[in-house]
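Student: Got a predicted structure plus its sequence, pasted below:
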Protein chains: 2
Amino acid sequence: MSKKITFLPDKADIMVDDGENLLTAAAQAGVYIHAFCGGEGVCGKCKVKILEGAVVSGRAQHLKAEEHEQGVRLACQTAVTSDLVVEIPERMGKDGRALKLKPKTTRAISARSLEKLIGKWDVDPPVEKRFLKLEPPSLDDNVPDLQRLLRAIRKGCHECKEPTYDHPEMLRGLPFILREANWEVTVIMLRGKREEEPDRIIAVESGNTTDRLYGLAVDIGTTTVNGILMDLNSGKVLAEASAYNGQVRYGEDVISRIIYSQRPGGLRTLQEKVVCTINEIIESVCRTVMISPSDISYIMAAGNTVMSHLLLGIDPKFVREAPYVPACSQFPLTRAASLGVMAHPSVRLFLYPSIASYVGGDIVSGVHACQMHKSPELTLFIDIGTNGEIVVGNQDWMMCTACSAGPAFEGGGIRHGMRASSGAIENFHIHPETYDPMIVTIDRTKPRGICGSGLISIVSELLEAGVVDQQGKFNRAIKHPRIREGRDGFEYVLAWSKDSLIGEDIVITEVDIDNLIRAKGAMYAGYQTLLESVGMTFTDLDRIILAGNFGAYIDLERAISIGLLPDLDRDRFYYLGNGSLLGAQISLDDHKRFRERGEVSRLITNMELSENPHFMNHYMAALFLPHTDLNLFPSVRSKLAEL
Amino acid sequence: MSKKITFLPDKADIMVDDGENLLTAAAQAGVYIHAFCGGEGVCGKCKVKILEGAVVSGRAQHLKAEEHEQGVRLACQTAVTSDLVVEIPERMGKDGRALKLKPKTTRAISARSLEKLIGKWDVDPPVEKRFLKLEPPSLDDNVPDLQRLLRAIRKGCHECKEPTYDHPEMLRGLPFILREANWEVTVIMLRGKREEEPDRIIAVESGNTTDRLYGLAVDIGTTTVNGILMDLNSGKVLAEASAYNGQVRYGEDVISRIIYSQRPGGLRTLQEKVVCTINEIIESVCRTVMISPSDISYIMAAGNTVMSHLLLGIDPKFVREAPYVPACSQFPLTRAASLGVMAHPSVRLFLYPSIASYVGGDIVSGVHACQMHKSPELTLFIDIGTNGEIVVGNQDWMMCTACSAGPAFEGGGIRHGMRASSGAIENFHIHPETYDPMIVTIDRTKPRGICGSGLISIVSELLEAGVVDQQGKFNRAIKHPRIREGRDGFEYVLAWSKDSLIGEDIVITEVDIDNLIRAKGAMYAGYQTLLESVGMTFTDLDRIILAGNFGAYIDLERAISIGLLPDLDRDRFYYLGNGSLLGAQISLDDHKRFRERGEVSRLITNMELSENPHFMNHYMAALFLPHTDLNLFPSVRSKLAEL
């Protein structure tokens, strides 16, 4: 049950989940509350007054008894348990008058119409079980065991093609299973990859086991591997698990993994590590529902091109060297066990096809999940990251490209950058007059650093407050203790060392901002170049779909403010979530959807941006906040004009 | 160049190969010559006079100088080197008058019309090599290596299906081979099993290797494994080799192999042994033509059901237990290397499908080779052996069965029985008045025993000379030192101990004859039961085709005399030779023929003879020489009537 919070005096409303933290809710609502310590409750600044409704509050050593009686609480220590009306204390300016803040528009990108986006799918998986009662053989009918089984499978289906079967595993055990089971067995069959292909018997089990049919969907990320266990009879998700990709210790990104793979034994090590990670996931989900890993009948996976190569033990050497050629893009259906995956020997592991060296199966899976290839709407599909992937098109054609944004979105190249983990500043507001910060960290601890979504918040807030200009330079005219010259030029102090977990001031520097500008500039130039290559512009777009984890944390307004996303009608933006995992899950559930994957990759044409002069021009023009051409960002232009 | 020999006074003609031994030639021509020692030259009995033509003779210590001068030679020491006229010395009867012999009709079954039987086939093998010059990749064209290869393969062929490919072997090496070869490579492709199936890339080689394309055809016999190496560019046979099946030490026949396979580790041992034997063959043929085993690109094999199971490591346990059910009849295309066969990892080993537990791929291969499935002529296909296989039918339908003849045809259950090896009596004539023997052994040594074809010769001669009656009992009225009562009842002494290699008399006993009668009776009852099951009789048959090694040594007249083969127009009999190897060879040469194999096995329906009451009735009636119903053997009846 979600709860409605109304913040006074701004009258800003927001719907939040039951139990949400009040500081986080305020930050999401665009309501500024004084908050220096990230939400740990130690700075005692974020006092609010609960006018209506019930809350649950924690530590309150900063509150006087009378304050508590009046309904004052520390927002960061308060959980929302009912609809609320909350009053934010007015702050006084230097001149003694109350500083009224206009409420800001913030907007998490909606996952509201996910169903509209991805449609419905059937529970009709590419693997199926059939229970068969065979006629026992006699002298009058002593056809071989396999032929007896095939005959039973085809019974009553004269047009059916004769199934193929797995050799030698299935065949070697068949005579014994049939007799032990007294000729009552369950066959596990893979449907043909295409409609016209025959089905394939991959295993035979004694008795009737049709009520147990499980599949695993896996997203093999460079950093994190996510898996979900599906009940393929009902289509229900039974368990989820995720784990750090065991390859991480050999390099943070795909390039360093490729470099490691070139060492003696490196390829093998990386292959083993990702397999171990998948096995962890399998163990975890199987433990949750008390089944054996050998009960899983299909594994659908998606990963980027390098992850896919490494999983299959294919050397990705030439992915890294111009002209960036992967060994293959369509990966063959592989026996999971042959890779070392903890699975029954019959179980297949499917990997989504890649498009190019830097547009991988994770993107194809995401595009597949959101059914771009079946929609007439012109769609821009974006996965933001160190390597940003962009797809544009519709049911008739698609173009894709990858642009190297650099690691800023993942906290790389940022003085106090960090991954999105505990203590990372993930949301930020600045008081437009006092220039004091409101910082919210992941897990609401004292801050340790800044993650990608925090960085976007910070830069857009600094821009909109006039603290930095469109070039990302600090306004030298502002005199404020938090704005100072540091070793990398000017910087803003997000948290004093006393309020930080790391024992030093946490700052954002002009160099950091410059890195972010280059990262978002590369993405934006990527969209432009791709659209331009097909003679289109942003206004032709019907939809913009954000995929990938990063999208979940991006505030749409702020991403547009800094020029990371185009300034279009906000209703056209959708957030898909982990499209890679979602595509794998849908393919696992619905063989008809699964069979479409070929169309998806056939529709998509890759375009190389490296050495592309148009891209370089667009990129140079995008090295501004939000852009040198403000006509591209009318809503941002309006905001900046008010400064 | 063959030579014509005319034997006087019989005026019997025969055509023989240059260099043929004269005693062997006489035996084949049905001309009796006194010969006790098997052809070793020690008894000195086989004197003949060369009237015209040139011969080369060996040892002649038994000849006086004047005899030599008159052209007298020992037939067994004489090689034919030109057309000859040879006079056989007349023998005197007890009454002093010359014993004139009527020439006998003997007839090796003709392989004359083999081409008519099997037709012509193309050199268009199921595996092919294509040399490709790929465009090196560039930034404008950086499709993955595999897709680049596929594109080149499909170039100029828009309807061609996209080839599939081997994973992971082919894929893992591909990026390196392409670059090392400077993008000029040869792909080795398997054609689809059916017309509509896509081709499959199984390997990629650096540079142009299209001039080297080799295949191996293998017949996996229970006793002997035969292989031939083919040049698949020309269709020429490059080398042949054969070796005893290494499983022989674990049992002579399929039943004892099955029994051994049930011991701990037995199946694995038998699998390894036959693989070692195939490897011996591979080594031998490769050595002959100086290629590496890894240059062989395809292996086509055929064997009986048990041999096929054992090769693939599939337990044949239930083949032996009623109702005699094999694990499978269609064997999957297997990687040869996965079985341990010395071959490139990409190389496939094909095994001809079986029909039933005792009608195996060797028979299907033979039927395929002789194109029964495409001929309107009603054909009886026979492979005589311990396990006799019989197929009857034509292009519209085929029935097959197996009958357990017992080991008599391989010398089993016969007092002095032996396999067809050096010293085995393989041909025999008896003097109809003196009852003296003419024995010819393999390699013309002193005799060591009797092989199957010798046994048939002996029994038919004894029958036609009235020495044994139609029940196979010796005529007690004949008083002759060679006809005597031994420990198994009456017997005929084929060789006195002085003329034998084993230091004892070599005899044929009534028990031996009885075993042969039961063996041939089972075969004949098999033909009858099968024909009867489809409402036909022998007279409906257009052709009788003998396959298997045994057929090569059978004298048609004699086989009919004892009732092993039906008494039909001799011109309808054909000898196919090793049909199993021939079928494999043809499939290796011609993929269109190869693709027909499915039709062959689909056309054939198996019939079980065990517990079949019709079979038992026919069998009981066949336990006579040639049969209880002499109407079935009119030509034999005539001969016997002259006695």
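Tutor: Thanks, I have it.
Student: neighbouring contacts of stretch A:189-196?
Tutor: A:126-130, A:153, A:161, A:163, A:198-202, A:298, A:333, A:348, A:591, A:595, A:598 (CB atoms under 8 Å, 6 or more residues apart in numbering or on different chains). The C-beta positions use only the backbone N, C-alpha and C, and glycine is treated the same way.
Student: Out of these, which sit inside strands?
Tutor: Among the contacts of stretch A:189-196, DSSP state E puts A:127-130, A:200-202, A:298, A:348 in strands.
Student: tell me what whichever strand or helix holds residue A:620 is packed against?
Tutor: For residue A:620, the element it lies in under DSSP states H and E is helix A:613-621. Other helices and strands packing on helix A:613-621, by 3 or more CB pairs under 8 Å, 6 or more residues apart in numbering or on different chains; DSSP states H and E, are helix A:510-533.
Student: Buried residues in the helix or strand just after the helix it packs on, which are they?
Tutor: Counting by DSSP H and E, the element after helix A:510-533 in chain order, helix or strand, is strand A:543-547. Across strand A:543-547, burial judged by 16 or more other CB atoms under 10 Å in any protein chain shown covers A:543-547.
Student: Which strands or helices does strand A:543-547 pack on?
Tutor: strand A:379-383, strand A:573-577.
Student: Could you rerun that using 10 Å?
Tutor: helix A:361-369, strand A:379-383, strand A:387-393, helix A:556-561, strand A:573-577, helix A:579-589 (3 or more CB pairs under 10 Å, 6 or more residues apart in numbering or on different chains; DSSP states H and E).
Student: closest to residue A:472 out of those?
Tutor: helix A:556-561 (12.6 Å; CB to CB).
Student: Which neighbouring elements make contact with the closest one?
Tutor: Looks like helix A:556-561 contacts helix A:452-464, strand A:543-547, strand A:573-577, helix A:634-641 (3+ CB pairs under 10 Å, 6+ apart).
Student: Might you report the residue contacts of the residue nearest to residue A:261 when sequence neighbours are not counted?
Tutor: Counting by CB to CB, 6 or more residues apart in numbering or on different chains, the nearest residue to residue A:261 once its immediate chain neighbours are dropped is residue A:267, at 4.5 Å. If a contact means CB atoms under 10 Å, 6 or more residues apart in numbering or on different chains, then residue A:267 has A:257-258, A:260-261, A:309-310, A:313-317, B:172 as its contacts.
Student: I'd like to know how far residue A:223 sits from residue A:24.
Tutor: 24 Å (CB to CB, to the nearest Å).
Student: filter the contacts of stretch A:189-196 to the buried ones?
Tutor: Buried, going by 16+ other CB under 10 Å: A:126-129, A:153, A:163, A:199-202, A:298, A:348, A:591, A:595, out of the contacts of stretch A:189-196.
Student: what's the farthest-apart pair in those?
Tutor: A:153 and A:595 (20.6 Å).
Student: Run through chain A and note the low-pLDDT ranges.
Tutor: A:59-60, A:91-113 (pLDDT under 70).
Student: Residue A:539 touches residue A:568, doesn't it?
Tutor: Yes: the criterion here is CB atoms under 10 Å, and residue A:539 meets it with residue A:568 at 7.7 Å.
Student: between these two, who's got more neighbours?
Tutor: residue A:568 (18 against 9; other CB atoms under 10 Å in any protein chain shown).
Student: What is the neighbour count of the closest residue in space to residue A:275 that isn't next to it in sequence?
Tutor: Counting by CB to CB, 6+ apart, the nearest residue to residue A:275 once its immediate chain neighbours are dropped is residue A:340, at 4.3 Å. With neighbours defined by other CB under 10 Å, the count for residue A:340 comes to 16.
Student: and what of residue A:166?
Tutor: Count around residue A:166 with other CB under 10 Å applied: 19.
Student: Can you tell me the closest non-neighbouring residue to it?
Tutor: Nearest one to residue A:166, counting by CB to CB, 6+ apart, is residue A:202 at 5.1 Å.
Student: swap in residue A:361?
Tutor: residue A:352 (3.2 Å).
Student: got the contact list for the one you found?
Tutor: A:219-220, A:300-304, A:308, A:330-331, A:360-368, A:580, A:583-584, A:587, A:597, A:600-601.
Student: Show me which of the residues you listed are buried.
Tutor: The buried subset of these - by 16+ other CB under 10 Å - is A:219-220, A:300-304, A:308, A:330-331, A:360-368, A:580, A:583-584, A:587, A:597, A:600-601.
Student: residues from the stretch 501-643 of chain A in reach of chain B?
Tutor: A:606-612 (CB under 10 Å from any CB of the partner chain).
Student: let's see 6 Å
Tutor: Neighbours of chain B within the stretch 501-643 of chain A, by CB under 6 Å from any CB of the partner chain: A:608, A:611.
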